[in-house]
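Undergrad: Sharing a model prediction with you, sequence too.
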Amino acid sequence: MKNLKQKSEVRYAIWQAYNKKCAICGEPINYTQLQIDHIIAESLEKNHYELYGVLKKYELPKDFQINSLYNLRPACGYCNREKSYYEAPEEITAKLLRKAKNKINDVNREINKYLDESKYALKIETMRMAVKTGELKLEEYIDQVNNFVADYGDEYVKYEDSFTNVRSIKHFSVRLDGHLPRLHEPEGSCLFTFNSFYIRGMSINLSHTDILQTLFIGKKTPIDLLMRPYIIDKLSEDNFIIQLGNCRFNLSKDETMHLCEVVDRFIDEYIIAIEKIEKVLFCKEFLPLSNDLTKYKLIKINKNLWKLMLKFADEHDNYHGEGKWHIFDASGRNMIKVYNNQPTPQYNSGFHCFIHSLAESNDSWETTDEVWLVWWDVENNQNYGIRDYWTVEQAYKWLTTEFIPIVMYTYDVSLKRNKIGSRKGISFVEYRENNKFNELYYSDSKRYLNVNKVTGINEFLELVSTLQLYYSVNRETYLEKEAIEGIYDALIYILNISSDTNFSYICSKLDIKQTSNLNELLTQVNRNKKNEKSGKVFGGTLDMLLRSVFSAAEYSMDILNSDEIILLTKYLEPLINDYNTNKLVEVYSIRSK
C-alpha cells in the first residue's frame, strides 16, 4: 500500500496549501525538488513508550496518527537533511504541528480538486479518442462536453476525533466538505465543489454565519417553493439560479435537487453539533455573545452591586482565609474568579468559574448604570460539574441564590451590628428567605421553551403567547402537517371540555361561520384541520390560530387541571421544537459588526 506522503494528490495538495514554500525556512520550492516529511519522526510508531512521551509533550491526543495529514509538511532538501542530523527544537516542532492542523482544510480542498480534475480529464480524453476513431461525431462530443456532469456518487463520511469534527457528503453532482462546531470551537465552515461543466472545479467556502443564515432557512422544503435563500429564482422547469457566498450560477433541476440533498444532510448535523455543545454547557436558556460564541450572558445588574461583588471577592481571597466563602482568586480586575487551591468536601481544586462584566452596548449614545455578567471558560476545560468547572446554568444559580444574597447580607448597612462588626439578630438564612433578590437582576432569554416548566395555566398561556408573537412576525414558514394539526388538537381539546367559550373571537380569527353553538364550532374547526397539509404557512395564519388557542384556554382556565395542561403542551410540542431550533439558529448566527 502506498505511503500517504508518496501519493501524488497528497504531495501536490500539501505543496499548494503551503503556497509552494518550505514549512521551515519559508523559501519557495519547485515541485520537482519537493520533499514531504513527517514532523514527528515516523520511526516512533515502533516505539510505543517513546511515542507516548512525545504525544504527551506536545499535548496531542492518544489516537494521533503519525502517518496523517496532521503530521506532514513540505520541505526543501536542505531543511529535510538538517532534520535528519539534528532533532528540531520543541518550539519549532510545536509550531509545525499547529501549522499542519490549520492547513488541513486547504490540503483536503487541494486533494479533492486534484482528484476531480484527474477524473474529468480522463473522461474528456476518452470522448476525444472516440471522436478520433469515428465512434463519436464531433457535434455529439461538443454536446456531451457542454452537458458533462461527473458523478461523485452518493457517499457520506464522518470523521471525528480530538482535533476535528468533519463531514464529507457526496451526492452525484455536488460535494460538501464541512467542519462542524465543537466545544470551545463553536463556529464551523463548509466547502462546496460542483462537477457540472460550467462550474466544474469551482470551490465555494461558507462561514459559520453563512451556514446558519443561508443553508438552514427553508431546509427540506421543495425547490419549487423557492423558500431556500440560495435558490434565487426558477427560470424554467429545468433551470434554477443559485447563489452561494459571492458566487451566482445556474443549475439544472436535478443538480439543484442534488445540492438541496447535500445541504439538508449537512445542516441537520450542524444543528445537532451546536445542541451537543449546549447539552454539555447547560446553556439553552442563555444568550451567547454575538462577537464570541464561547461566552454567555447570565444576568444584568446595577454597577454598584457589581462593585460590591468585586469587593467581596477581594476580601475573601482563597489565600486570606479558610472560611466557607474564601473561594476566590482576587488577582486581575473586573472579574470574579471562583477558585480553591486545595480540594474541599464540596469542590475539587482549581478554578470553577470566571465571570466578567460587559457594558449593555458599546455603540449606545446613552450611558447606563447596568452591566451584564458573562460566563467565560477561559481555560477551555473538558470536565464540567459542581465539583469542577461550573456550567452556565450552575454559575447562574450560584450567582442568584448564593453569591448575590451573601454580598447583600455582608454590606447591608441597615443590619444591626455589634462592636466588632458582626451582624446580630438575623442569620444569613433568614435574611435570604426574607428578601426578594430576583428584583436585583434581569435575565433576558426566552429563546428556549422548556416544556417541563409548563405545569399550570399561567405558564401555558405564556407559552402560547410567546409562540404567537414569534410566528406573527414571520412572513412565512414551512411546517410539517403534524405541527399544524397539533395546534388544532389543543384548541379542539379545550372546546370539548368547555361549556362555553369566546365564540365571536375564535370565529373571526379562524375566518369561519359565526356561531354560538359549541358542536357547530367544533365541526368547523375539525373541517379546517382536515384540510391542513405540510407546506408553506403564512405567519398571519399561525398568529390567528394561536390567538384562538390562547382565548379558549383563558376562557376555560378555571376547569383545566395540571394533567390537561401537560397534554395541551404535548400537542404543541412539534411547534415548540420548531421554535427552539429557529431560536438556536438565530442567536448563534447574529454577529456584531
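TA: Happy to help now that I have it. These numbers were taken from a predicted model, which means no experiment stands behind them. Residues are numbered from 1 along each chain as shown.
Undergrad: which residues of the stretch 301-450 of the chain score low on pLDDT?
TA: Scanning the stretch 301-450 of the chain for pLDDT under 70 picks out the ranges 360-367, 416-424, 445.
Undergrad: can you map out the helices along it?
TA: Secondary structure of the stretch 301-450 of the chain (DSSP state H, counting those that start in this stretch): helices located at 303-315, 392-398, 404-411, 428-434.
Undergrad: got it, and the stretch 151-300 of the chain?
TA: Using DSSP H, counting those that start in this stretch, helices in the stretch 151-300 of the chain cover 208-210, 253-281.
Undergrad: Which stretch among these is buried most, on average?
TA: Most buried of the helices of the stretch 151-300 of the chain, by mean neighbour count (mean count of other CB atoms under 10 Å): helix 253-281, with a mean of 19. In short, each C-beta sits where N, CA and C put it, glycine included.
Undergrad: what's that one packed up against?
TA: Where contact means 3 or more CB pairs under 8 Å, 6 or more residues apart in numbering; DSSP states H and E, helix 253-281 is packed against strand 165-171, strand 174-179, strand 189-194, strand 239-244, helix 573-589.
Undergrad: orientation of it relative to strand 174-179 in degrees?
TA: If you take axes from the mean of the first three to the mean of the last three CA atoms, to 10 degrees, helix 253-281 sits at 10 degrees to strand 174-179.
Undergrad: Skipping its backbone neighbours, what lies nearest Tyr228 in space?
TA: Not quite, residue 228 is Arg, not Tyr. Closest residue to Arg228 apart from its sequence neighbours, by CB to CB, 6 or more residues apart in numbering: Gly218 at 3.8 Å.
Undergrad: For the one you found, give me its contacts.
TA: Taking CB atoms under 8 Å, 6 or more residues apart in numbering, we find Gly218 in contact with Leu225, Met227, Arg228, Pro229, Tyr478.
Undergrad: So Leu251 sits against Asp238, correct?
TA: No. Contact status for Leu251 versus Asp238: not in contact, 9.5 Å apart, counting by CB atoms under 8 Å.
Undergrad: Nearest to Asn458 among the helices of the stretch 301-450 of the chain would be which one?
TA: Closest of the helices of the stretch 301-450 of the chain to Asn458 is helix 392-398, at 22.6 Å (criterion: CB to CB).
Undergrad: in that closest one, what counts as buried?
TA: Buried residues in helix 392-398, counted by 16 or more other CB atoms under 10 Å: Val392, Glu393, Gln394, Ala395, Tyr396, Trp398.
Undergrad: can you give me phi and psi for the residue lying closest to the third one once chain neighbours are set aside?
TA: Leaving aside its chain neighbours, Gln394 sits nearest to Ile386 (6.4 Å; criterion: CB to CB, 6+ apart). The phi/psi pair for Ile386 (degrees, to the nearest 10) reads phi -60, psi -40.
Undergrad: And Ile386, how close does it get to Thr515?
TA: For Ile386, the distance to Thr515 equals 57 Å [CB to CB, to the nearest Å].
Undergrad: These two: which is more packed in?
TA: Thr515 (16 against 13; other CB atoms under 10 Å).
Undergrad: Tell me the spacing between the nearest residue to the more buried one once chain neighbours are set aside and Leu115.
TA: Nearest residue to Thr515 in three dimensions, chain neighbours excluded: Leu521, at 5.3 Å (CB to CB, 6+ apart). Leu521 sits 64 Å away from Leu115, going by CB to CB.
Undergrad: With Pro74 instead?
TA: Per CB to CB, Pro74 is found 19 Å from Leu115.
Undergrad: Ok, Asp369 next?
TA: Computed as CB to CB, the Asp369 to Leu115 distance reads 61 Å.
Undergrad: between the two, who's got more neighbours?
TA: Comparing Asp369 with Leu115 by other CB under 10 Å, the one with more neighbours is Leu115, at 12 against 9.
Undergrad: from what I can see the more buried one touches Glu9, true?
TA: Yes. The criterion here is CB under 8 Å, and Leu115 meets it with Glu9 at 5.8 Å.
Undergrad: Where in this protein is the helix or strand with the lowest mean pLDDT?
TA: None of the helices or strands of the chain scores lower by mean pLDDT, DSSP states H and E than helix 138-146, at a mean of 55.
Undergrad: Same list (the helices of the stretch 151-300 of the chain) but as JSON lines, adding distance to Thr32 and mean pLDDT.
TA: Shown next, in JSON lines, are these (distance: least, CB to CB, whole Å; pLDDT from 0 to 100):
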{"stretch": "helix 208-210", "distance to Thr32": "39", "mean pLDDT": "95"}
{"stretch": "helix 253-281", "distance to Thr32": "38", "mean pLDDT": "96"}
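Undergrad: can I get the ones you listed in JSON lines with distance to Tyr579?
TA: Putting these into JSON lines (distance: least, CB to CB, whole Å) gives the following:
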{"stretch": "helix 208-210", "distance to Tyr579": "21"}
{"stretch": "helix 253-281", "distance to Tyr579": "14"}
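Undergrad: Between the helices of the stretch 301-450 of the chain, which one is closest to Thr256.
TA: Comparison of those against Thr256 by CB to CB identifies helix 392-398 as nearest, at 40.4 Å.
Undergrad: Now for Lys113, how many residues are close by?
TA: Count around Lys113 with other CB under 10 Å applied: 18.
Undergrad: Need the pLDDT of it.
TA: Lys113 carries a pLDDT score of 77 in this model.
Undergrad: Please identify the helix or strand for it.
TA: Lys113 is part of helix 104-132, with elements assigned from DSSP states H and E.
Undergrad: same question, Val10
TA: Taking DSSP H and E as the definition, one finds Val10 inside helix 8-17.
Undergrad: pretty sure the residue nearest to Thr515 is in a strand, no?
TA: No. Read with DSSP: H, G, I helix; E, B strand; the rest coil, Leu521 is helix and lies in no strand.
Undergrad: burial count for it?
TA: Number of residues near Leu521 (other CB under 10 Å) recorded here: 23.
Undergrad: Helices of the stretch 451-593 of the chain, residue ranges please.
TA: Applying DSSP H, counting those that start in this stretch to the stretch 451-593 of the chain gives helices spanning 457-472, 481-497, 503-510, 518-530, 539-555, 562-571, 573-589.
Undergrad: Deepest in the core, which of those is it.
TA: helix 539-555 (a mean of 21).
Undergrad: Identify all contacting residues around that helix.
TA: When contacts are defined by CB under 8 Å, 6+ apart, helix 539-555 is touched by residues 457, 460-461, 464-465, 467-468, 471-477, 487-488, 490-491, 494-495, 498, 500-502, 505-506, 509-511, 560, 568.
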